[in-house]
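Build me a structure from this.
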Amino acid sequence: MDPFPTFPLQEWNDTKQTLHRFEQIVGKTRLRHSPRRNHWWNVPFHLTGTGITSRPMGSLNEDSVFTVDFDFVRHRLVASNLRGDVVSFPLQGHSVSSFHLRFQSAMEALGVDGAIVRASPFDLPDAGRPFVDDHEHATYVPEHATKYWRILSRINLLLEEFAAGFSGKTSPVHHFWHTFDIALTRFSQRPVHQPKEAGGVVREAYSREVVSFGFWFGDDEVPEPCFYAYAAPEPEGLIEEPLNPASARWASSGSGHLALLRYADARERPDPYAAVLEFWESAYQAGANRLGWDVEALACPGGITDPHLAGRRPRA
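Purely as a prediction, here's the structure:
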């Protein structure tokens, strides 16, 4: 089995652009119908055994708890509620416009108000175009969707393994419909003053010091899949810190920098998984040390905080 199969952006970009907008439609529904959590943890998708899920959402008082899943094995959207009602339709054969209308019908069949506040893409080039008017994005190649999910699933577990080494506040491993990446974030409790003009998304996401890690499939700025990490606020001298393996680098991104390890470079390592873990760890050490975190106190080798088992993995 190839740990990281080849998946250049140009191979599946048309499907990616369509699927990204499908996920934003469902994600905006999740945003409306879920209790808000710090740093927007209520918003992203989580991985499942066949795709991704919104997780349960809705109103307890109205007995309208419902879930929306993307099934990338059978290539269907599946929406269900606590009453046992299920509505499902194929992902293939839809434009963004027809998916949006079909999804609204599915929500109506479950007794859910499927209306979306700002029913247009978030932070994408066509952000001013309503979903219902998007007949341009209409490509869904099942093989590409399955491959996307399989790669996400492996990286999901790799991020879970990396998460085990930190005993402080950490996000879940989650898949953002905003930037189409999968991420994990470590936090300090040191507040960060974000100016009002930074906007509500940034003010909530970065209200504490963070070092964040993840992977995305490429975009207009970095047109290939990459593993990444960054520290926010970016401490002085961060890009002077070394990264491992040697092919990793610091790259400019907006007003700051990202640590990047190309997916293609990780594939060429004798142990690709170990190379990615080494990369994230080197970026963490760089950011956390420059921010002044107590790295030793926050360490959690093997995911264990039990002092009687420190340094030992529990036996299965």
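
can you give me the strands in the stretch 151-300 of the chain?
Secondary structure of the stretch 151-300 of the chain (DSSP state E, counting those that start in this stretch): strands at 174-175, 181-191, 208-216, 226-232, 249-253, 256-262.

domain assignment for the chain?
As assigned by automatic domain parsing, the chain contains the domains 9-133, 142-303.

mind putting these in JSON lines, mean neighbour count included?
Just so you know, the C-beta spots here come from the backbone N, C-alpha and C atoms, and that holds for glycine as well. Output for the domains of the chain, formatted as JSON lines (neighbours: other CB atoms under 10 Å):
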{"stretch": "domain 9-133", "mean neighbour count": "17"}
{"stretch": "domain 142-303", "mean neighbour count": "17"}
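
closest one to residue 3 among those domains?
Nearest to residue 3, of all the domains of the chain, is domain 142-303, at 4.6 Å by CB to CB.

picking that back up, mind giving me CSV with the strands of the stretch 151-300 of the chain and columns for mean pLDDT and distance to residue 84?
Formatted as CSV, those follow (pLDDT from 0 to 100; distance: least, CB to CB, whole Å):
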stretch, mean pLDDT, distance to residue 84
strand 174-175, 98, 27
strand 181-191, 96, 31
strand 208-216, 98, 36
strand 226-232, 98, 41
strand 249-253, 95, 46
strand 256-262, 97, 45
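
Adding distance to residue 41, write those out as TSV.
Below are the strands of the stretch 151-300 of the chain laid out as TSV (distance: least, CB to CB, whole Å):
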stretch	distance to residue 41
strand 174-175	7
strand 181-191	9
strand 208-216	13
strand 226-232	16
strand 249-253	23
strand 256-262	22
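
Tell me which of these approaches residue 306 most closely.
Nearest to residue 306, of all those, is strand 181-191, at 20.7 Å by CB to CB.

roughly how far is the closest one from the heart of the chain?
The chain centroid and the centroid of strand 181-191 are separated by 13 Å under CA atoms, centre = their mean, to the nearest Å.

Kindly report the same for stretch 254-265.
For stretch 254-265, the distance to the chain centre is 16 Å (CA atoms, centre = their mean).

Tell me how far residue 203 lies from residue 214.
Separation of residue 203 from residue 214 (CB to CB, to the nearest Å): 21 Å.

cool, residue 271 as well?
Residue 271 sits at a distance of 20 Å from residue 214 (criterion: CB to CB).

just residue 290 next, same as before
To residue 214, residue 290 is 19 Å away according to CB to CB.

Run through the helices of the chain in chain order.
With helices called from DSSP state H, the chain shows them at 9-33, 96-109, 142-163, 200-205, 263-267, 272-291, 295-298.

What lies in contact with the fourth one?
With contact meaning CB atoms under 8 Å, 6 or more residues apart in numbering, helix 200-205 is reached by 38, 39, 40, 194, 196.

what about 7 Å?
Residues from elsewhere that reach helix 200-205 (CB atoms under 7 Å, 6 or more residues apart in numbering): 39, 40, 194.

and it, how far from the chain's centre?
Computed by CA atoms, centre = their mean, the separation of helix 200-205 from the middle of its chain amounts to 16 Å.

For it, give the mean pLDDT please.
The average pLDDT within helix 200-205 is 93.

How about the fifth one?
Helix 263-267 shows an average pLDDT of 97 in the prediction.

which residues does the residue nearest to residue 8 when sequence neighbours are not counted contact?
Spatial nearest neighbour of residue 8, excluding adjacent residues (CB to CB, 6 or more residues apart in numbering): residue 224 at 6.6 Å. By CB under 7 Å, 6+ apart, the contact set of residue 224 is 8, 9, 218, 262, 263, 264.

next one: residue 27
Counting by CB under 7 Å, 6+ apart, residue 27 has contacts 43, 177.

Let's see that with 8 Å instead.
43, 44, 45, 54, 177, 178.

do the same with residue 89
Contacts for residue 89 (CB under 8 Å, 6+ apart) come out as 76, 77, 102, 106.
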